[in-house]
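Show me the folded form of this:
(2 chains)
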2 protein chains.
Amino acid sequence: MISFDLSLYLILDPDLCSGPQGMIDTARIGAQNGVTMVQLRAPRWKKRLWFETARLLKEMLAPLGVPLIINDQIDVALAIDADGVHVGQEDLPPDVVRRLLGPGKLLGISVANREQLDASDLSGVDYIGAGPIYPTRTKLDAAPALGVDGFAELRRAIHLPTVAIGGIQANLCSPLITAGAQGVAVVSAICGQPDAATATVALRQEIDRAAQRRS
Amino acid sequence: MISFDLSLYLILDPDLCSGPQGMIDTARIGAQNGVTMVQLRAPRWKKRLWFETARLLKEMLAPLGVPLIINDQIDVALAIDADGVHVGQEDLPPDVVRRLLGPGKLLGISVANREQLDASDLSGVDYIGAGPIYPTRTKLDAAPALGVDGFAELRRAIHLPTVAIGGIQANLCSPLITAGAQGVAVVSAICGQPDAATATVALRQEIDRAAQRRS
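Numbering: from 1, shown residues only, chains lettered A, B, ... in the order given. I've put the predicted structure just below:
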């Protein structure tokens, strides 16, 4: 079992970051200011660009001790020896992904509601991304928003570390941590922010305060 | 080295075949009437659909002795133990693909002109798909068409088995075989044809006649 820290999980968006170099810059600033995991997600990219960008991200993040997670593209993850992958309900099934990855890598899956949770084979899964919590514009095919109460209810049924995702800004982190989230995943709260460092620090403080209150 | 027969290479198109079941039906009819390789290509599909369709195709084609090649998605190929993969210039680099696949699988790459050929690492590559020969509507980002003369010139520079691809119909096979193609790859000459069996037989006869004249 690999140890991992879901508390502030940055998902890079190619549009909000204005392309590969902006994603690398954003990830660096995030990792230097409290981000604990970085996910590369670029549904419209060809794989050569995936490969080249993922390789640069890994090279930059590894010395900072921040794991790089690849969304959906298991071949890219294998090619660059990423730290893990994240798959949605329409991607390769988790048991197939675990077989391709082997035991030493992180595997997260997205769950939007109780039905999806109950239908998922969780045997090789390390963590759950539960959401969207709030309506989001960065994922066009997202399921209906759960809200904090919906998240809290879903969280009680999940027996794995869980990160809340979808439309989360700094002032919205606290109730999710209180409701049992190990952390929050953000896109637009960091990507494309005029001052990504300050935005990251604000998220980090909000999450740490909520976690302290909970414990 | 695996033996393979490029002579009539069917590339399945989701739209022309009206979806997964139509693709499986078309592949079966093709394989029963002279198709020697089948490639699954579906750039807009999510991977769950890729995985499920590829698995069914493999199950159907394996007893017929026709290899299944997966376009671009190396993870899907690994997941279903496909016979090989085909990658384009913007997909994962061939040397990376060979490393992921191991030695026992076929690897083909697309080459549109001499510049792409010279820039490609061919060390782990089994065959070249050269084209487009004619203008095509089934690949929107295709390079300019080579024509038969352009193909013949490119073919002379290639030291690997080569399949001609792009806009090829039955009456256009013969000059390509004469110009040194080991075979032709077709999409719309079989996919979506009102009588796919008859269309396949016509291609098969045309190719065999041209190959006999050449030898």
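
Now do the contacts for the closest residue to residue A:156 other than its chain neighbours.
Nearest residue to residue A:156, sequence neighbours excluded (C-beta to C-beta, 6 or more residues apart in numbering or on different chains): residue A:180, at 7.2 Å. (C-beta placed from N, C-alpha, C; glycine too.) With contact set as C-beta atoms under 8 Å, 6 or more residues apart in numbering or on different chains, residue A:180 has these partners: A:152, A:155-156, A:162.

Determine the set of other helices and strands touching the longest helix seen in chain A.
Criterion DSSP state H: the longest helix present in chain A is helix A:196-214. Contact partners of helix A:196-214 among helices and strands, from 3 or more C-beta pairs under 8 Å, 6 or more residues apart in numbering or on different chains; DSSP states H and E: strand A:8-12, helix A:20-32, helix A:173-178, strand A:183-186.

who does the first one pair up with?
Meaning strand A:8-12. strand A:37-40 (parallel), strand A:183-186 (parallel) (DSSP bridges).

C-terminal to the first one, what's the next element?
Right, the one you point to is strand A:37-40. Downstream of strand A:37-40, the first helix or strand assigned by DSSP states H and E is helix A:47-61.

So for the next helix or strand after that next one, mean pLDDT?
Per DSSP H and E, helix A:47-61 leads on to strand A:68-71 as the next helix or strand towards the C-terminus. Here strand A:68-71 scores 98 as its mean pLDDT.

right, is strand A:68-71 up against chain B?
No - judged by C-beta under 8 Å from any C-beta of the partner chain, strand A:68-71 stays clear of chain B, getting no closer than 10.3 Å.

next one: stretch A:57-66
No - residues of stretch A:57-66 contacting chain B under C-beta under 8 Å from any C-beta: none, with a closest distance of 13.9 Å.

Contacts made by that stretch with the rest, please.
Counting by C-beta under 8 Å, 6+ apart, residues outside stretch A:57-66 touching it are A:12, A:23-24, A:27-28, A:31-32, A:35-38, A:40, A:67-68, A:80-82.

now the strands paired with strand A:8-12 in a markdown table, with distance to residue B:116, mean neighbour count and mean pLDDT?
As requested, those are exported to a markdown table (distance: least, C-beta to C-beta, whole Å; neighbours: other C-beta atoms under 10 Å in any protein chain shown; pLDDT from 0 to 100):
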| stretch | distance to residue B:116 | mean neighbour count | mean pLDDT |
| --- | --- | --- | --- |
| strand A:37-40 | 27 | 26 | 98 |
| strand A:183-186 | 39 | 27 | 97 |
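
between those, which gets nearest to residue B:8?
strand A:37-40 (39.4 Å; C-beta to C-beta).

Which pLDDT value goes with residue A:138?
At residue A:138, pLDDT is 69.

where does residue A:3 sit relative to residue A:185, distance-wise?
18 Å (C-beta to C-beta, to the nearest Å).

got it, and residue A:131?
For residue A:131, the distance to residue A:185 (C-beta to C-beta) stands at 8 Å.

List the buried residues for the longest helix of chain A?
A:196, A:199-200, A:202-204, A:206-207, A:210-211 (16 or more other C-beta atoms under 10 Å in any protein chain shown).

cool, and stretch A:17-31?
A:17, A:20, A:22-24, A:26-31.

Identify the farthest-apart pair in those.
It's A:20 and A:31 that sit farthest apart of the buried residues of stretch A:17-31, by C-beta to C-beta, at 16.4 Å.

which parts of chain A sit against chain B?
Residues of chain A lying near chain B (C-beta under 8 Å from any C-beta): A:46-49, A:51, A:72-76, A:78-79, A:89-93, A:96, A:99-100.

Show me which of these are buried.
Using 16+ other C-beta under 10 Å as the burial test, those include A:46-49, A:51, A:72-76, A:78-79, A:91-93, A:96, A:100 as buried.

For residue A:5, which non-adjacent residue is spatially closest?
Once flanking residues are discounted, residue A:5 sits nearest to residue A:36: 4.0 Å by C-beta to C-beta, 6+ apart.

can you tell me which residues contact that neighbour?
Contacts here follow C-beta under 8 Å, 6+ apart; on that basis residue A:36 touches A:4-9, A:66, A:183.

let's see 6 Å
A:5, A:7-8 (C-beta atoms under 6 Å, 6 or more residues apart in numbering or on different chains).

Could you check how far it is from chain B?
Taking C-beta to the nearest C-beta, to the nearest Å as the measure, residue A:36 falls 26 Å from chain B.

same check, this time on residue A:184
In this view, residue A:184 and chain B are 26 Å apart by C-beta to the nearest C-beta.

need the contact list for that residue.
A:164, A:168, A:173, A:176.

For these, pick the one with the most neighbours.
residue A:164 (34 neighbours; other C-beta atoms under 10 Å in any protein chain shown).

Please consider this matter closed, and thank you.
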